[in-house]
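[1] sequence and predicted structure, then a few things I'm wondering about:
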Amino acid sequence: MRWTILSLFPEMFVPLQTSILGRATKAGKLQIEVVNFRDYSTDKHHKVDDNSYSPGAGLVLSCQPIYDCLQAIDPEHKAHRIFMTPAAPILNQKRVIELAQYEHIIILCGHYEGVDQRVIDTCFDEVVSIGEYVLTGGEIPAMVLVDSVSRYVDGVINKASLISESYLDGKLEHPQYTRPRVWQGISVPEVLFSGNHAAIQKWKDEASKAVTEKFTKN
Ligand code: 6GU
């Protein structure tokens, strides 16, 4: 799968080169490019923003650099294009799995007060937020999107990890334990040593249900 991230701060994306995503990139399973759309500004000072037409609202990213950057990268609009903004539907695991079907996703990271709505409406397919709080820019949200979706690309992680995990069918995962059997006087649940697969499964189901009820709204 190919990702192209449009950002004014390309130096922020080092995390995507490490650990599992770094390994998957070296193995050819992922391709992640970061493009600074300031390079496409036709302004003599490479300006990418201007005052908002809403009084007092600060700076807004202009259409021109973003549009020209998209024309250079994806002239026929073949990629799925996502704008990261808190004013959008919140990402969930169902949408994450669906997005893994695209061959190429372009992500625009917003900054300042926003982006001129005309380039969003005419050039982008989807808007995505990562939660009910405001961040300084779309870079960290873009990394959240790349990480969560790339896990579902073939060969990125072990398939078994995707089967029993939190949020599939709306349930959160049960707790995990490793050695030692007793740590600071606290024992691992006895049933996990029973060798009784049915009893262990029953414990996992009940523990998962308890975590879900404790942390899920409604
Ligand atoms: Cl996508 N961007 C920003 N700036 N803040 C956010 C967000 C996105 N999602 C949640 N908060």
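    Ah, there it is.
[2] where does the protein come near the ligand, residue by residue?
    Residues of the chain that fall close to the ligand, judged by C-beta under 6 Å from any ligand atom: 84-86, 129-131, 133-135, 137-138, 141. C-betas here are computed from N, CA, C, even on glycine.
[3] which among those residues end up buried?
    With neighbours counted using 16 or more other C-beta atoms under 10 Å, the residues of the chain next to the ligand contain these buried positions: 84-86, 129-130, 137-138, 141.
[4] can you tell me which of those residues end up in strands?
    For these, the ones inside strands are Met84, with DSSP state E as the criterion.
[5] mind telling me the two of the buried ones among the residues of the chain next to the ligand farthest from one another?
    Longest distance between any two of these is 13.0 Å, between Ser129 and Gly137; criterion C-beta to C-beta.
[6] need the next SSE after the helix or strand hosting Arg81, C-terminal direction.
    Secondary structure from DSSP states H and E places Arg81 in strand 80-84. Following strand 80-84 in sequence order, the next helix or strand is helix 93-99 (DSSP H and E).
[7] and the angle for the helix or strand that that following helix is followed by with strand 80-84?
    On the C-terminal side of helix 93-99, the nearest following helix or strand under DSSP H and E is strand 104-109. Using axes from the mean of the first three to the mean of the last three C-alpha atoms, to 10 degrees, the direction of strand 104-109 lies 20 degrees away from that of strand 80-84.
[8] ok, strand 104-109: who's next to it in the sheet?
    Looking at strand 104-109 with DSSP bridges, its partner strands are strand 2-6 (parallel), strand 80-84 (parallel).
[9] what about the helix or strand following the first one, distance to the chain center?
    Looking back up the chat, that one is strand 2-6. Per DSSP H and E, the first helix or strand lying C-terminal to strand 2-6 is helix 19-26. Centroid separation between helix 19-26 and its chain, computed with C-alpha atoms, centre = their mean, to the nearest Å, is 16 Å.
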